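[1] here is the input, now give the coordinates:
(one chain, ligands or ions: 1)
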Amino acid sequence: MTNSITWEQIKHFDAREFDDDLHPGSGEEMNMIIVFNLDYLWERVFTFTKKRPKIIITQAVDLYGEHGHSDNSYHLKENGCRAADFIIVTDLDPRVQYKLVERQGFGGIGIYYDWKRYGKSVPIGFHVDPRPDEKYQRWTRRNGEYFYLIGRRS
Ligand SMILES: [Zn+2]
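    Numbers count the residues shown, from 1 in each chain. Below is the predicted model of the structure:
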């Protein structure tokens, strides 16, 4: 498999930010298409706010499934290290943050309102992955229960 995007082309992130914290250096395994899209998202937020945002990757590579992800998680190395969880440090309204993330075209987007950073709630956090159209999904979590918006009748 060829992967033509290199870290040298990425302006706003470096590989370490994507590390599985149990395995320093593992950020190099990260799928570069996701990284490239996050780099582009940074630009979208900057264009929108006219301020340099900080996008903090809270979890990306899960090398050996040691972070509680399911077997089919795109975070896992065996599934290509193709997922990233992040928060955008910005005063942008969470709705607008979502709008900009959505615009980036990710096949899977999880929207989280229950994340904390330094013990403080963050207004919104995101999971993104490049799942194909037949698995296209948006979800959120409320009181620990996951709600999937697409494709399930109940
Ligand atoms: Zn995730």
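[2] got a pLDDT number for the closest residue to N72 other than its chain neighbours?
    Spatially, and ignoring its direct neighbours in sequence, N72 is nearest to N79 (6.7 Å; C-beta to C-beta, 6 or more residues apart in numbering). Just so you know, the C-beta spots here come from the backbone N, C-alpha and C atoms, and that holds for glycine as well. According to the prediction, N79 has pLDDT 97.
[3] verify the contact between N79 and H69 for me.
    No: the criterion here is C-beta atoms under 8 Å, and N79 misses it with H69 at 9.1 Å.
[4] can you pull out the strands in this protein?
    Using DSSP state E, the strands found in the chain span residues 54-59, 84-89, 108-112, 116-117, 120-121, 125-129, 137-142, 145-148.
[5] is the ion within reach of the second one?
    Yes: on the criterion C-beta under 5 Å from the ion, strand 84-89 is in touch with the ion at D85.
[6] for the chain, what's the longest helix?
    Ranked by number of residues, the top helix in the chain under DSSP state H is helix 32-49.
[7] counting neighbours, which bits of that helix end up buried?
    Residues of helix 32-49 classed as buried by neighbour count (16 or more other C-beta atoms under 10 Å): 32, 34-39, 41-42, 45.
[8] and stretch 18-35, by the same measure?
    Quick answer for stretch 18-35 (16+ other C-beta under 10 Å): 18-20, 26-27, 29-32, 34-35.
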